[in-house]
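Asks: structure, please.
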Amino acid sequence: MTHLFSPFTLRDVTFKNRIAVSPMSQYRALNGDANLWHAVHLGRFAMGGAGLVYTEATAVEADGRRTHGDLGLWDDSQIKELRRIAEFIENEGSVPGIQLAHAGRKASERRPWHGETPVDAEDVAERKEEPWDAIAPSAIPYADGWPTPCEMSEDDIQRVIAAFGSAARRSHEAGFKIIEVYAAHGFLIHQFLSPIANQRTDQWGGSAEGRMRFAIKVAESIRENWPEKYPLVFRLSATDWLDGGLEAADTIEISKALKAVGVDMIDCSTGGIGGKDRPRRMVIEQGFQVPFAHQVKSEADIATMAVGFLWDAKTCEEHIATGKADMVALARELLDDPNWPLHAAAELGADENHNMWSVEAGWWLMKRDRLLTKLGLR
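Replies: Next comes the predicted model:
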């Protein structure tokens with residue numbers, strides 16, 4: 001058995017392999033409700049052999065959506081469709097996971113293919129989608145041309161913390177077995193963590209301890225509503241790639257603090273705190289964020305997931321085999337090939353004769369291979 005296809009356990013949940021399907025926003029929800037698009041989109045990854053399948057970013061309150069098309073779990077009525085999806089994923093042998101999110105100052109945004117800019121008159125006219133007011137730790141716009149968000153009051157902060165807890169309770173009722181909190185890429189929790197977006201002088205800002213307080217309270221709220229036997233993950237931007245922003249050393253301290261309140265793994269991404277241009281310090285290449293997962297794993301003594309520009313099975317195997325991360329997460333590579341885990345298993349020698357495939361597909365593929373070999377065609 002290869003390292004990539006060895007089982008991995010967090011709390012009472014065991015993943016059959018180290019491959020996770022990273023959250024991928026589809027922007028196909030209506031009023032936050034999941035539908036058949038989400039069922040098919042996520043179901044194919046479970047059929048494709050991934051050990052963990054995450055939903056896309058799922059808003060904990062309506063105004064916390066990034067776009068009008070975001071999934072949501074702020075109301076009990078949204079549980080039913082997500083339960084069907086979680087059940088299917090689990091029945092296919094994968095662990096169903098959900099990513100809980102609040103967009104903060106990135107809320108009220110157009111879908112990427114409509115411009116990835118604030119909702120405007122065109123959205124109102126063509127899609128009947130109205131803009132709404134965004135909130136943030138400080139009244140600082142996300143980027144040039146973006147509206148100034150409303151600085152969160154103490155009541156706002158307590159409401160959102162409670163909303164994460166309520167969404168965790170609903171996640172359990174929907175049948176999910178792992179929660180990831182979206183605290184990266186410029187979303188609300190990242191905004192509190194980063195000194196670039198958080199310039200408060202009260203208990204929710206200022207020092208590093210103050211800036212991480214919101215994340216810790218969110219984790220505590222979730223843990224109060226989430227079974228002890230199920231794991232909790234935070235996705236962090238390990239660095240902002242900007243002078244004056246978060247650095248890896250900060251993320252290590254944040255990870256230690258989160259671990260102390262019941263967080264089990266850190267999903268290590270980077271960047272996204274503000275602006276439309278890629279920071280000059282960011283050099284993108286295959287696996288460019290893996291060193292951060294390795295550093296957090298080593299220095300914070302917590303399990304990590306590596307993500308970003310991963311597509312080669314042998315490289316992913318090496319990352320797991322050398323202890324750089326405990327799991328790898330893929331996204332766009334799986335959009336291109338939902339069966340990537342099964343193909344990777346064959347490439348690495350972890351599967352023969354399509355034994356890892358569901359019998360409904362594997363039997364026919366095995367039979368085809370035997371025929372092609374017999375005829376000398378392959």
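
Asks: next secondary structure element downstream of the lengthiest helix in the chain?
Replies: Counting by DSSP state H, the longest helix found in the chain is helix 154-174. Note on helix 154-174: by DSSP states H and E, the next helix or strand toward the C-terminus is strand 178-183.

Asks: partner strands of that next one and their direction?
Replies: strand 95-101 (parallel), strand 232-237 (parallel) (DSSP bridges).

Asks: those strands into TSV, with extra columns for mean neighbour count?
Replies: To be clear about C-beta, it is placed using only N, CA and C from the backbone, and glycine gets the same treatment. Shown next, in TSV, are these (neighbours: other CB atoms under 10 Å):
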stretch	mean neighbour count
strand 95-101	27
strand 232-237	26
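
Asks: switch those strands over to JSON lines; also include distance to Glu333 and mean pLDDT.
Replies: JSON lines is the format used below for the strands paired with strand 178-183 (distance: least, CB to CB, whole Å; pLDDT from 0 to 100):
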{"stretch": "strand 95-101", "distance to Glu333": "18", "mean pLDDT": "99"}
{"stretch": "strand 232-237", "distance to Glu333": "18", "mean pLDDT": "98"}
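
Asks: and those strands: which comes nearest Ile178?
Replies: Of all the strands paired with strand 178-183, strand 95-101 sits nearest to Ile178, with 4.2 Å by CB to CB.

Asks: how far off helix 154-174 does that closest one point, in degrees?
Replies: 170 degrees (axes from the mean of the first three to the mean of the last three CA atoms, to 10 degrees).

Asks: quick check: what element follows strand 95-101 along the chain?
Replies: Downstream of strand 95-101 (by DSSP H and E), the next one is helix 121-127.

Asks: average model confidence for the helix or strand where Val328 lies?
Replies: Using DSSP H and E, Val328 sits in strand 327-330. On average, the pLDDT along strand 327-330 is 98.

Asks: got it, and stretch 142-155?
Replies: 96.

Asks: residues of that stretch that come out buried?
Replies: Judged by neighbour count using 16 or more other CB atoms under 10 Å, the buried positions of stretch 142-155 are Tyr142, Trp146, Pro149, Met152.

Asks: for it, which outside residues touch it?
Replies: Identification of contacts with stretch 142-155 by CB atoms under 8 Å, 6 or more residues apart in numbering yields 104-106, 108, 117-118, 133-141, 156, 160, 186, 200, 204, 274-276.

Asks: what sits against the most centrally placed residue in the chain?
Replies: Taking CA atoms, centre = their mean, the centroid of the chain lies closest to Pro23, which sits 4.3 Å from it. Residues near Pro23 by CB under 8 Å, 6+ apart: Tyr54, Thr55, Glu56, Ala57, Gln99, Glu180, Tyr182, Ala331.
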